[in-house]
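In: Would you be able to build a 3D model of this:
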Amino acid sequence: MSEAPLIELVGITKTFGEGAAAFQALKGVDVTIERGDFVAIMGPSGSGKSTTMNILGCLDVPTAGIFRFHGVEVQSLDRDQRSLLRRKYLGFVFQGFNLLSRTTAIENVELPLLYRGETKKARRLSALRSLDQVGLVPWADHTPAELSGGQQQRVAIARALVTQPDVLLADEPTGNLDTERSIEIMELLTRLNREGITIIMVTHEKEMAAFANTIVHFRDGLVESVERGNLAKRAAEAL
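Out: Numbers count the residues shown, from 1 in each chain. I've put the predicted structure just below:
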């Protein structure tokens, strides 16, 4: 018997507002994501990709449809249960890094564990392990102002990894970086994916999407197409 998909979206709709002011951002989205995949979500502004990402991250709920994660129907969970799922299974990386400016790299990485109530020693060991994953242990005591943009994003990725999530959700992770730094971040994400982390990334850059194994194209609140292919070949062609 084959293993169920890690994530399933079936007939997902999302409507904002009511009555004449209502706007349907998603109109029946069907997406399946297998464990260990690297998925890039693309589409023009207003296509529904960010709304879908918020639903996948348990930051919002669909108006209708089924969202299964590890076989659990997430749309039926209450707010606290969704919050628990988010903390236990998901890691988030944002375009703007979202680091605390007066806090060192290692203290930024420790934050999710502080919220969990872990001991100082446990937090420090886990944070060092995550910084090692992104090659930044020598910069552990540096503040964001003392780091390059690429290094700041690596700290943000380490912070997302410190809870050992099943899924890393990355929203335009290279949006604030130059080409060289962007490629470094994409190579890091590719390595993390090979190590077993499922990655879902929103991007508008074809060159960055080419690193993914699967590209989901959104348009007008629907999945327009799904492209599955050779990661290495697409990345080489894009560069």
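
In: tell me which residues form a beta bridge with Val202?
Out: Ile41, Asp171 (DSSP bridges).

In: Ala127: what's its closest spatial neighbour, skipping adjacent residues?
Out: Val109 (4.1 Å; Cβ to Cβ, 6 or more residues apart in numbering). Quick note: C-beta positions are derived from backbone N, CA and C, even for glycine.

In: Return the distance of that neighbour relative to Arg123.
Out: 9 Å (Cβ to Cβ, to the nearest Å).

In: go on, Val223?
Out: Relative to Arg123, Val223 is positioned 40 Å away (criterion: Cβ to Cβ).

In: picking up where we left off before, more neighbours: which of Val109 and Arg123?
Out: Val109 (30 against 21; other Cβ atoms under 10 Å).

In: how deep is Thr190 tucked in, by neighbour count?
Out: 18.

In: For it, give me the backbone phi and psi.
Out: phi -60, psi -40 (degrees, to the nearest 10).

In: for Ala160, same thing?
Out: Backbone torsions for Ala160, taken as degrees, to the nearest 10, come to phi -70, psi -30.

In: Adjust the sequence numbering to begin at 20 for everything that follows.
Out: In the new numbering, first residue 20, that becomes Ala179.

In: Show the contacting residues for the nearest residue to it once chain neighbours are set aside.
Out: Using Cβ to Cβ, 6+ apart and skipping residues adjacent in sequence, the residue nearest Ala179 is Gly110, 3.3 Å away. Contact partners of Gly110, counting by Cβ atoms under 8 Å, 6 or more residues apart in numbering, are Arg178, Ala179, Leu180, Thr182, Pro184, Val186, Leu187, Leu188.

In: tell me the secondary structure for the fourth one?
Out: If I follow you right, that is Thr182. Of the three states, Thr182 takes coil according to DSSP: H, G, I helix; E, B strand; the rest coil.

In: Was I right to think it contacts Phe111?
Out: No. Contact between Thr182 and Phe111 fails when scored by Cβ atoms under 8 Å: they sit 10.3 Å apart.

In: pLDDT wise, what is the spatially most central residue of the chain at?
Out: Geometric centre of the chain, nearest residue: Leu188, 0.8 Å, by Cα atoms, centre = their mean. Predicted confidence (pLDDT) for Leu188: 96.

In: How about the secondary structure of it?
Out: Put simply, Leu188 is strand when judged by three-state DSSP.

In: Looks like it contacts Thr217 (just checking).
Out: No. Judged on Cβ under 8 Å, Leu188 makes no contact with Thr217 at a distance of 9.6 Å.

In: Ala83 touches Gly30, doesn't it?
Out: Yes. Ala83 lies in contact with Gly30 (Cβ under 8 Å); the separation is 6.9 Å.
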